[in-house]
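K.L.:
okay, predicted coordinates and the sequence, questions at the end:
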Amino acid sequence: MISNSMLTLTDEQRVKWATDGYLVLDQVIPPEEVEFLSAEVDRIRSVPGYEPAPGELPRGHYKWLPGAIDQDPQGFMDRRDLLIYGKAFIDLVDRPDVFDLIVDIMGPYVLHSMSQSIVRASTQSFPGYTHTDGGEALRRIRVTETSRPLAMKAMYLLSDVEAPDSGNFTVFPGSHMRPFPENAESFLNPHTPGAVQLRGKAGDCYLFSHALWHGPAPNHSGKARKTLLYNYCQMFVRWYDHETPSQVLAQCTPRQRRLLGDLGYDFRPGSYFYAPEDQIEVIKAVTV
Ligand SMILES: O=C(O)CCC(=O)C(=O)O
């Protein structure tokens, strides 16, 4: 842990993170900003970006498309690499009240690895699913109660989730420390005993470890569930929304640039393995 003026987890949060593998942060985004971000999510639906291309690309891969396939704001959308859509999305990368806790959990050798907005439409045709993050490799890597994670996510709710089966973020508390069931027949789902379908209000944020079993519940609520997701990894793991450091560096603060892969010098072997000498100073700097 870095000793500094950044926020740190409370003792209670620290125990909950270690044992459950996730935290709920209430009302970190005020209502007027939720409204703005929600309108931004509606706006980007109609502009080009990376979206799933079912039937063309494997599940979990994204293709540059002219817009989301469904143009109804209440319809499904899964947009990656949000930072290209403006400063509001960039500033969420290191929003202090959330990012401070991420640094407390991950340590200072951290990068932002991915951003995403998912709108889960209300429909009878989507049963929900659960998974661990980081694909085939990371799902086999678990951490202990005392270890920093390799990767973690912040998920911001932009709509209220008031009842079960409303597209709830669903977790299996403590599953970040248990083996991944490789047998497809035993895959966990949002209704498996032990699943907790979280409720929440627009403006809340969930922090969770890559190794936690999690995923969306079905949404039968009659309204869309809207979220923003920001992923972080240890520096040597690197980002996976773009090939090179993000194209939005010119709009960023020094701390955001560092988080987006700009180390302050051209790439050389050793980069991202050992951090720049000013890493802690840059990560601790709240403003510039
Ligand atoms: O709730 C969702 O729509 C998906 C969130 C999720 O599972 C993830 O970010 O990995």
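P.N.:
Yes, it's here.
K.L.:
contacts only, for the residue in the stretch 151-288 of the chain that the ligand sits nearest to.
P.N.:
The ligand sits closest to Pro216 of the stretch 151-288 of the chain, with a gap of 3.4 Å, by Cβ to the nearest ligand atom. Every residue, glycine included, has its C-beta placed from N, CA and C. For Pro216, the contact set (Cβ atoms under 8 Å, 6 or more residues apart in numbering) comprises Ile118, Arg120, Phe126, Gly128, Tyr129, Gly167, Asn168, Phe169, Thr170, Pro190, Arg225.
K.L.:
right, and the first one touches Asp78 too?
P.N.:
Yes. The pair Ile118 / Asp78 is scored as a contact, 5.1 Å apart, by Cβ atoms under 8 Å.
K.L.:
okay, the residue of the stretch 151-288 of the chain closest to the ligand: pLDDT?
P.N.:
The model reports Pro216 with a pLDDT of 98.
K.L.:
give me the buried entries from the contacts of Pro216.
P.N.:
Ile118, Arg120, Phe126, Gly128, Gly167, Asn168, Phe169, Thr170, Pro190, Arg225 (16 or more other Cβ atoms under 10 Å).
K.L.:
need the contact list for the nearest residue to Asp81 once chain neighbours are set aside.
P.N.:
Of all residues not flanking Asp81 in the chain, Asp241 sits nearest, at 4.4 Å (Cβ to Cβ, 6 or more residues apart in numbering). By Cβ under 8 Å, 6+ apart, the contact set of Asp241 is Tyr50, Arg80, Asp81, Ser113, Met114, Ser115.
K.L.:
now Asp204
P.N.:
Taking Cβ under 8 Å, 6+ apart as the test, what Asp204 contacts is Val24, Leu25, Asp26, Gln27, Val28, Tyr156, Leu157.
K.L.:
residues near the third one, how many?
P.N.:
So the one you mean is Asp26. 9 (other Cβ atoms under 10 Å).
K.L.:
tell me the pLDDT of the closest residue to it other than its chain neighbours.
P.N.:
Of all residues not flanking Asp26 in the chain, Asp204 sits nearest, at 5.5 Å (Cβ to Cβ, 6+ apart). The model reports Asp204 with a pLDDT of 98.
K.L.:
Asp204 and Val98, how far apart?
P.N.:
11 Å (Cβ to Cβ, to the nearest Å).
K.L.:
what's the answer for Gly49, then?
P.N.:
According to Cβ to Cβ, Gly49 and Val98 sit 24 Å apart.
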